[in-house]
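>>> Curious how this folds, go ahead:
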Amino acid sequence: MAKVKKLNELKKILDKLKKEGKKIVFTNGCFDLIHPGHIKVLKEAKRKGDILVVGLNSDKSVRKIKGPQRPILDEKTRARVVSALEDVDFVVIFNQPTPLNLIKTIKPHCLVKGSDWKKKDIVGRDLVKKVFTVKILKGYSTTEIVNKIKRSGN
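The predicted structure follows:
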């Protein structure tokens with residue numbers, strides 16, 4: 001899990017990469033069950049710069065957002081899966097409900113989120129030069145996948 005970093009370690013690495021002229025792209029999410037929608041967002045995010053950093057909600061954070069039944073996979077497992085994807089350069093786990101502190105600390109050049117987010121609602125949009133949204137794939141949502149599994153068990 002060499003790509004999974006603590007925030008202080010990641011900041012040092014990114015500061016060095018920025019001095020080398022690299023553009024840092026940031027996206028975030030729970031990434032509970034990876035599906036094609038996640039892959040599309042991550043691939044398009046990577047195209048926006050040189051280094052893609054994924055902020056991963058901790059288990060505690062996911063429970064606050066999604067409820068007590070989530071996450072399905074624990075944060076270490078989710079970090080391992082996300083970091084295995086070729087487009088992802090670094091993963092950092094955060095405990096807060098939003099990645100605002102991460103964004104303030106790492107100061108990426110741009111943010112990328114799925115189009116289910118309105119630009120005005122994207123946390124940290126006022127701290128970066130550019131914000132991009134990626135058109136989401138219809139029919140792919142972790143919540144829908146979980147609900148489908150629950151229905152199939154009845």
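>>> show me where this structure has strands.
Along the chain, the stretches classed as strands by DSSP state E are 24-29, 51-57, 90-94, 110-114, 130-134.
>>> Just put the ones you listed in CSV and tack on mean neighbour count.
All C-beta spots, glycine's among them, are computed from the backbone N, C-alpha and C. As requested, the strands of the chain are exported to CSV (neighbours: other Cβ atoms under 10 Å):
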stretch, mean neighbour count
strand 24-29, 24
strand 51-57, 25
strand 90-94, 22
strand 110-114, 22
strand 130-134, 17
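>>> May I see the ones you listed arranged in TSV, with distance to Glu44 and mean pLDDT as well?
Below are the strands of the chain laid out as TSV (distance: least, Cβ to Cβ, whole Å; pLDDT from 0 to 100):
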stretch	distance to Glu44	mean pLDDT
strand 24-29	9	97
strand 51-57	10	98
strand 90-94	17	98
strand 110-114	7	95
strand 130-134	4	95
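>>> Make CSV out of those and add distance to Lys76.
Compiled in CSV, these are given as follows (distance: least, Cβ to Cβ, whole Å):
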stretch, distance to Lys76
strand 24-29, 16
strand 51-57, 10
strand 90-94, 8
strand 110-114, 24
strand 130-134, 26
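>>> which stretch among those comes nearest Gly37?
Between Gly37 and the strands of the chain, the shortest gap by Cβ to Cβ is with strand 110-114, which sits at 7.0 Å.
>>> Paired strands for the closest one, with orientation please.
strand 24-29 (parallel), strand 130-134 (parallel) (DSSP bridges).
>>> Strand 24-29 and the helix ranked longest in the chain, what's the angle between them?
Of all the elements of type helix in the chain, the one with the most residues (DSSP state H) is helix 7-19. Helix 7-19 and strand 24-29 are oriented at 140 degrees to each other (axes from the mean of the first three to the mean of the last three Cα atoms, to 10 degrees).
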